[in-house]
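**Student:** could you work out the structure for the sequence below:
(chains A, B, C and D)
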There are 2 protein chains.
Amino acid sequence: MSTTKPRKATQVAEHLGRLLASGHWPLGTRLPAERQLAEQLAVSRPSVREALQQLISKGMLESRVGGGTYVLSSKPIGFSDPLLTLFRENPEYRFDVLEIRHALEGNAAWYAALRSTDEDKERIRVCFEQMLAVHGDPDPMQEARADASFHLAIVEGSHNLVLLHVMRSLFDLLQNSISHNLDKLYTQPRVFEPLSQQHRELMEAVLAGEPERARQAAEQHLAFVEDSLKSIDADEARKLRSLRHLSR
Amino acid sequence: MSTTKPRKATQVAEHLGRLLASGHWPLGTRLPAERQLAEQLAVSRPSVREALQQLISKGMLESRVGGGTYVLSSKPIGFSDPLLTLFRENPEYRFDVLEIRHALEGNAAWYAALRSTDEDKERIRVCFEQMLAVHGDPDPMQEARADASFHLAIVEGSHNLVLLHVMRSLFDLLQNSISHNLDKLYTQPRVFEPLSQQHRELMEAVLAGEPERARQAAEQHLAFVEDSLKSIDADEARKLRSLRHLSR
DNA sequence: ATCAGTTAATTGGTAATACCAATTAACTAT
DNA sequence: ATAGTTAATTGGTATTACCAATTAACTGAT
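**Tutor:** Here you go, the predicted model:
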């Protein structure tokens, strides 16, 4: 590939990538057909196919023979295909992610308390309010997304770009796999109330610029999430067992 | 894509991916031409192109017009293209990575001390010996790779798969960009000697199954690496300034 | 009007062929 | 041995044709 003349296929991929990132085609949308895209973009169909291949390979699109091409994600998936597959098939790896979050978010909260600008702080506040506003939504994934946005706003306040990327990838991993009991965090009052208080404490520590308090708040929060998920898993397993007992 | 009949292009990409992972084509190797691959694999050239596109998009291969296709990496790059580009163009983001390693490797060392099997411990020992054996090699990247292998062996001992993946991606990120003064860590005796002692202390803490000692060893080591790189950067900047002064 | 079955159209996947621009290899002259 | 020229090779793009799978449209029966 010459540096003086960009590949048409690459240009098409970048153009489509920008449309995806901008939300022009929301998740699940069916894209125009290859022949149509080729005509609209004034390139040949093989060039469109090669561009689509790039985006399919990054986990952003999915093609179905005779059925069209669909949006899977507006951003490249940050983890390799085998890990994503493994994660989808083995939900217990959620606890691996929680272990990592425990280490990273304590650290992020520390740096956010030290480094956040006024804009960062405002964004954290807005995200916290958004979490409260979206509580009780029929679609629990809305709450999960608001929760992720809140945490990512804190990571943004740490001003460590690589950390932000890693955390985004971890949240993508959680959201792109089937959310195994994750919704229960938001729908059980015995979990949501303390959860919400912990979010508030974390936010207040960061806004007050108290790094050690922020770290502790983050670590306690993650420990609580881990314990709650384990307890929810146990409850669900018990329910399943008793349902099986009834059906005999 | 039907689940009953895999795409030819995907099969070719997987086949090539296995050849890459097995080391059949080492880093930098030029692959056979597209026409040749198409003949060898009994598929059409467009199918080969689509397969190559998948691997190019994952950062594993690079194509040059008229010049062939080359191996960039034997594994998919775990980070998205924009971050990789940004990292290559702005070496100061190394310090973002070091901040993250500080958090993650302290954690990994803790769990490795708790969870390592005898096999894990043996692998850690072998990697440590390998680091000593390769010291002074004319190619400092050999030492960087041995260093990475040692740290990854410890992460493997933590038995957290997602953490292993994240750490691999971070090391790939460091090694796939121009190694800005990284070689100086191994070539300056005032740095290498304490570095080697710290590696030994970290290994011994993990092997002895002492989690708190292991965490401290890891964190102190990463702090030393960070300080050393900053000091080396300052030395190099001073040298550059005095060279500029002489050339006037 | 609704539903089921059939047919036609559309879609992504594959292949063959041709040509172009860039690079590499081979050849020739000094 | 080196420099310049030519030929061959390479990746990139385009056109055309065909196939398998899916979707849409149409028709007939209830």
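**Student:** ok, now which ones touch residue A:218?
**Tutor:** A:105-106, A:108-109, A:154, A:202 (C-beta atoms under 8 Å, 6 or more residues apart in numbering or on different chains). To be clear about C-beta, it is placed using only N, CA and C from the backbone, and glycine gets the same treatment.
**Student:** I should have written residue A:136 there, sorry.
**Tutor:** Residue A:136 touches nothing, counting by C-beta under 8 Å, 6+ apart.
**Student:** ok but it is inside a helix, no?
**Tutor:** No: remark: residue A:136 does not belong to a helix; assigned using DSSP: H, G, I helix; E, B strand; the rest coil, it is coil.
**Student:** pull the distance from the lengthiest helix in chain A to the chain's centre.
**Tutor:** In chain A, assigned by DSSP state H, the helix with the most residues is helix A:211-246. What separates the centre of helix A:211-246 from the centre of its chain is 19 Å, taken as C-alpha atoms, centre = their mean, to the nearest Å.
**Student:** flag every buried residue along it.
**Tutor:** A:211, A:213-219, A:221-222, A:224-226, A:228-229, A:232-233 (16 or more other C-beta atoms under 10 Å in any protein chain shown).
**Student:** same deal with stretch A:26-37?
**Tutor:** Buried, per 16+ other C-beta under 10 Å, within stretch A:26-37: A:31, A:34, A:37.
**Student:** inside strands: which ones of these?
**Tutor:** Residues of the buried residues of stretch A:26-37 located in strands (DSSP state E): none.
**Student:** and the one helix or strand residue A:105 maps to, what does it pack against?
**Tutor:** Using DSSP states H and E, residue A:105 sits within helix A:94-115. In this structure, helix A:94-115 makes packing contacts with helix A:140-157, helix A:161-176, helix A:189-207, helix A:211-246, helix B:94-115, helix B:161-176, judged by 3 or more C-beta pairs under 8 Å, 6 or more residues apart in numbering or on different chains; DSSP states H and E.
**Student:** now those in TSV, with distance to DNA strand D and mean pLDDT?
**Tutor:** Below are the helices and strands packed on helix A:94-115 laid out as TSV (distance: least, C-beta to the nearest atom of the strand, whole Å; pLDDT from 0 to 100):
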stretch	distance to DNA strand D	mean pLDDT
helix A:140-157	24	87
helix A:161-176	22	83
helix A:189-207	38	90
helix A:211-246	33	86
helix B:94-115	31	91
helix B:161-176	20	83
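**Student:** right, and these - which one's nearest residue A:49?
**Tutor:** helix A:161-176 (24.4 Å; C-beta to C-beta).
**Student:** same for the closest one, what does it pack against?
**Tutor:** Partner elements for helix A:161-176 (3+ C-beta pairs under 8 Å, 6+ apart): helix A:81-89, helix A:94-115, helix A:140-157, helix B:81-89, helix B:94-115, helix B:161-176.
**Student:** return the distance of that helix from the chain's centre.
**Tutor:** 6 Å.
**Student:** count the neighbours of whichever residue of chain A sits closest to DNA strand D for me.
**Tutor:** Closest contact between chain A and DNA strand D, by C-beta to the nearest atom of the strand, is at residue A:66 (2.3 Å). Taking other C-beta atoms under 10 Å in any protein chain shown as the neighbour definition, residue A:66 ends up with a count of 5.
**Student:** dump the residue contacts of the closest residue to residue A:207 other than its chain neighbours.
**Tutor:** Nearest residue to residue A:207, sequence neighbours excluded (C-beta to C-beta, 6 or more residues apart in numbering or on different chains): residue A:121, at 5.3 Å. Shown in contact with residue A:121 (C-beta under 8 Å, 6+ apart): A:157, A:206-207.
**Student:** what's in contact with stretch A:230-248?
**Tutor:** A:95, A:181, A:184-185, A:188, A:191.
**Student:** of all pairs in those residues, which one spans the longest distance?
**Tutor:** A:95 and A:188 (18.9 Å).
**Student:** quick one on the thing from earlier: tell me the one among the contacts of residue A:218 nearest to chain B.
**Tutor:** residue A:106 (7.3 Å; C-beta to the nearest C-beta).
**Student:** list the contacts of the host helix or strand of residue A:63.
**Tutor:** Using DSSP H and E, residue A:63 falls within strand A:61-64. For strand A:61-64, the surrounding residues in contact (C-beta under 8 Å, 6+ apart) are A:31, A:52, A:55-56, A:69-72, B:1.
**Student:** give the next helix or strand downstream of it.
**Tutor:** Past strand A:61-64, the next helix or strand by DSSP H and E is strand A:68-71.
**Student:** need the residues that contact that following strand.
**Tutor:** A:20, A:25-31, A:33-34, A:52, A:56, A:60-64.
**Student:** so which of those also contact DNA strand C?
**Tutor:** Filtering these for proximity to DNA strand C (criterion: C-beta under 7 Å from any atom of the strand) leaves A:31, A:33-34, A:52, A:63-64.
**Student:** alright, that wraps it up for me.
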